[in-house]
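J.: Generate coordinates for the sequence data below:
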Amino acid sequence: MGAFGPNVFEDDTACDILVFMTGNEVYKLDQTFEELLASSDIDHYQVQEILVLSLIILASIDFDKLVNSALKIGYIDDITRIIAGNERKWCTSNHIVECKKCLDKIKTPEVSETYELWDESGSIDEWLKVINDIIDLFP
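T.: Take a look at the predicted model:
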């Protein structure tokens, strides 16, 4: 059993995704959003992937706003390397819209495995607060 906390990088899966993204020059951002939005059953990996991507997108929009937010981010150097090491734009208007849709969808009890896990643990409000705080940082 790995780490499992409400903040994004308190979850081992999110940390693994960040490590993968740091060493991978090609990341299919549009495909990730499309697959999640089309899915009727969102697994824990997909949820963590969207949470990590949302932080990267937010950092590319307004780095200082993200760092100075109430969110417990950590791994800022890795996020900065991902943004700097990739020529693609992380914050197109379409990416912002799609990411916000995905964040809303992962909060849906009927489709999100992670929602169910947090609900069963009795800490769903804590987890939802983190997601809502992330959503609130988007323009």
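J.: Does the worst-scoring helix or strand of the chain on mean pLDDT pack against any helices or strands, and if so which?
T.: Ranked by mean pLDDT, DSSP states H and E, the weakest helix or strand in the chain is helix 76-84, scoring a mean of 83. Packed against helix 76-84, as judged by 3 or more CB pairs under 8 Å, 6 or more residues apart in numbering; DSSP states H and E, are the following elements: helix 12-22, helix 44-61. For the C-beta atoms, the positions are set from N, CA and C on the backbone; glycine is no exception.
J.: Any chance of those in a markdown table with mean neighbour count as columns?
T.: As requested, those are exported to a markdown table (neighbours: other CB atoms under 10 Å):
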| stretch | mean neighbour count |
| --- | --- |
| helix 12-22 | 18 |
| helix 44-61 | 22 |
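J.: mean pLDDT for those: which is lowest?
T.: Note on the helices and strands packed on helix 76-84: helix 12-22 shows the lowest mean pLDDT, a mean of 89.
J.: roughly how far is that helix from the heart of the chain?
T.: Distance of helix 12-22 from the chain centroid (CA atoms, centre = their mean, to the nearest Å) equals 11 Å.
J.: Same question for whichever helix or strand comes after that helix: list its buried residues.
T.: Next in sequence after helix 12-22, counting helices and strands by DSSP states H and E, comes helix 29-38. For helix 29-38, burial by neighbour count (16 or more other CB atoms under 10 Å) applies to 29, 32, 33, 36.
J.: quick check: angle from helix 29-38 to helix 44-61?
T.: For helix 29-38 against helix 44-61, the angle by axes from the mean of the first three to the mean of the last three CA atoms, to 10 degrees is 130 degrees.
J.: How far off centre is helix 29-38?
T.: 13 Å.
J.: Output the contacting helices and strands for that helix.
T.: helix 44-61, helix 93-106.
J.: Make TSV from these and add distance to residue 68 to it.
T.: Converted to TSV, these look like this (distance: least, CB to CB, whole Å):
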stretch	distance to residue 68
helix 44-61	12
helix 93-106	20
